[in-house]
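>>> Provided below are the primary sequence and the corresponding predicted coordinates.
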Amino acid sequence: MTVGRFAPTPSGRMHLGNVLCAMLSWLSVRARGGRYLLRIEDLDAMRCPRALADQIEDDLRWFGLDWDDGGSDGGAQWYQSTRAPVYDRYFAELTRRGLVYPCFCSRAELHAAQAPHRSDGTYVYAGTCRGLTPEQIAQKRKKRPPAARVCVPDRTVSFVDGCQGAYAENLARDCGDFIIRRSDGVYGYQLAVVVDDAEMGVTEVVRGSDLLESTPRQLYLYETLGLPAPAFYHIPLLTAPDGRRLSKRDGDLDLGALRARFGRPEPVVGMLAAAAGLRPTARPVALRELADDFTWDAVRRADIALPPEILRA
Ligand code: GLU
């Protein structure tokens, strides 16, 4: 059975791009009679108060989405902020296999090392702390708590994305050893998302194409931990008419503003359906109607510039 999910990070109100992701992930599951889950990715609990997670649920319901388990209907396990003991187990397994090492590099040091930049703005880590001796580690620990990195092999990971097609990256050259636990003890997204999707039985992951570059790292963790990997669909990002990426700062396009402006969801659903390629025009439509003939073949691959009208309040 298809099991899909939406996994928002409640650090603000959802914007249209987040809603498009929720919409396509829901349609993909509902069109196939699968199970749909809502997981709250509030790992960084300080930045993700419960009130914002509750607001996301309210916005999703207004939009027409439902879920079979998760969110506040589920239980504590649907909030990543409660799952550190679960991540501890997988972290211990990676550690036992000698794949984890402490990293003491500060942000400034990482910057100065001038490792090549990835297009998502992160660094390819140069491996500075990989060869530290136990004595050096003990010394450095006195000054600051370390983050934890997982070692990656010099190997190319390739997969076929359901939306973007074939994608490949060499782990050592293009990613480098990556952080799985921050220096403040908070687990990183890459480990948490793999553990959760596997434990929740997720068979397909639908998310923004800004996360395409994370997927080889996640596939490496799935394989290393012996967990079954889901299928991936990385959907196009929405941009302003000038091509600029939308972000949570575009307050006029967050769900609060759109709800106030349109009053009902159908115009917003219709606009997103047209933008994504599911309907020829932006005629208002109810979300559940789109499930009848949903197919990934119709979904656009390239980023989508929103029409200027939508930006006018
Ligand atoms: N929590 C992430 C976000 O809100 C999504 C992660 C994922 O779907 O894998 O962008």
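Yep, that arrived.
>>> Can you show me the strands along the stretch 101-250 of the chain?
Remark: strands assigned in the stretch 101-250 of the chain by DSSP state E, counting those that start in this stretch are 147-150, 156-161, 165-170, 178-181, 204-208, 231-235, 238-239.
>>> what pLDDT does Ala76 get?
Per-residue confidence for Ala76 comes out at a pLDDT of 87.
>>> Just give me the neighbour total for the residue nearest to it when sequence neighbours are not counted.
In space, and not counting its chain neighbours, Ala76 is closest to Thr82: 4.4 Å by Cβ to Cβ, 6 or more residues apart in numbering. C-beta here means a position set from N, CA and C on the backbone, and glycine is covered the same way. Per other Cβ atoms under 10 Å, the neighbour tally for Thr82 reads 14.
>>> Please produce a markdown table containing the strands of the stretch 101-250 of the chain, extended by mean neighbour count.
Below are the strands of the stretch 101-250 of the chain laid out as a markdown table (neighbours: other Cβ atoms under 10 Å):
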| stretch | mean neighbour count |
| --- | --- |
| strand 147-150 | 22 |
| strand 156-161 | 15 |
| strand 165-170 | 13 |
| strand 178-181 | 22 |
| strand 204-208 | 21 |
| strand 231-235 | 22 |
| strand 238-239 | 20 |
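>>> Dump these into CSV; add distance to the ligand and mean pLDDT as well.
Output for the strands of the stretch 101-250 of the chain, formatted as CSV (distance: least, Cβ to the nearest ligand atom, whole Å; pLDDT from 0 to 100):
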stretch, distance to the ligand, mean pLDDT
strand 147-150, 18, 98
strand 156-161, 13, 98
strand 165-170, 15, 97
strand 178-181, 15, 96
strand 204-208, 4, 98
strand 231-235, 9, 98
strand 238-239, 13, 90
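>>> Reformat those into TSV and put distance to Trp26 next to each item.
Below are the strands of the stretch 101-250 of the chain laid out as TSV (distance: least, Cβ to Cβ, whole Å):
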stretch	distance to Trp26
strand 147-150	32
strand 156-161	19
strand 165-170	23
strand 178-181	30
strand 204-208	9
strand 231-235	12
strand 238-239	17
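>>> Out of the ones you listed, the one nearest Pro8 is which?
Of all these, it is strand 204-208 that lies closest to Pro8, at 10.2 Å by Cβ to Cβ.
>>> chain center to the closest one, what's the gap?
8 Å (Cα atoms, centre = their mean, to the nearest Å).
>>> What helices and strands are in contact with that strand?
Here strand 204-208 touches strand 3-6, helix 16-31, strand 231-235, going by 3 or more Cβ pairs under 8 Å, 6 or more residues apart in numbering; DSSP states H and E.
>>> Can you say which of these is nearest to Leu211?
Leu211 sits nearest to strand 231-235 of all these, at 6.5 Å, using Cβ to Cβ.
>>> What is the neighbour count of the nearest residue to Asp44 once chain neighbours are set aside?
On the basis of Cβ to Cβ, 6+ apart, the spatially nearest residue to Asp44 that is not a chain neighbour turns out to be Val186, at 6.1 Å. Counted with other Cβ under 10 Å, the neighbours of Val186 add up to 18.
>>> Make sure Val186 is actually in contact with Arg47.
No: using Cβ atoms under 8 Å, Val186 is not in contact with Arg47; the gap is 10.3 Å.
>>> Could you check how far the residue lying closest to Gly74 once chain neighbours are set aside is from Pro265?
In this structure, Gly74 finds its nearest non-sequential neighbour in Leu38, 7.5 Å apart by Cβ to Cβ, 6+ apart. From Leu38 over to Pro265 the distance is 17 Å, taken as Cβ to Cβ, to the nearest Å.
>>> Looking at the two, which one has more neighbours?
Applying other Cβ under 10 Å to Leu38 and Pro265 shows that Leu38 carries more neighbours, namely 25 against 22.
>>> Can stretch 78-97 be said to contact the ligand?
No: taking Cβ under 6 Å from any ligand atom as the criterion, stretch 78-97 and the ligand are apart, separated by no less than 8.7 Å.
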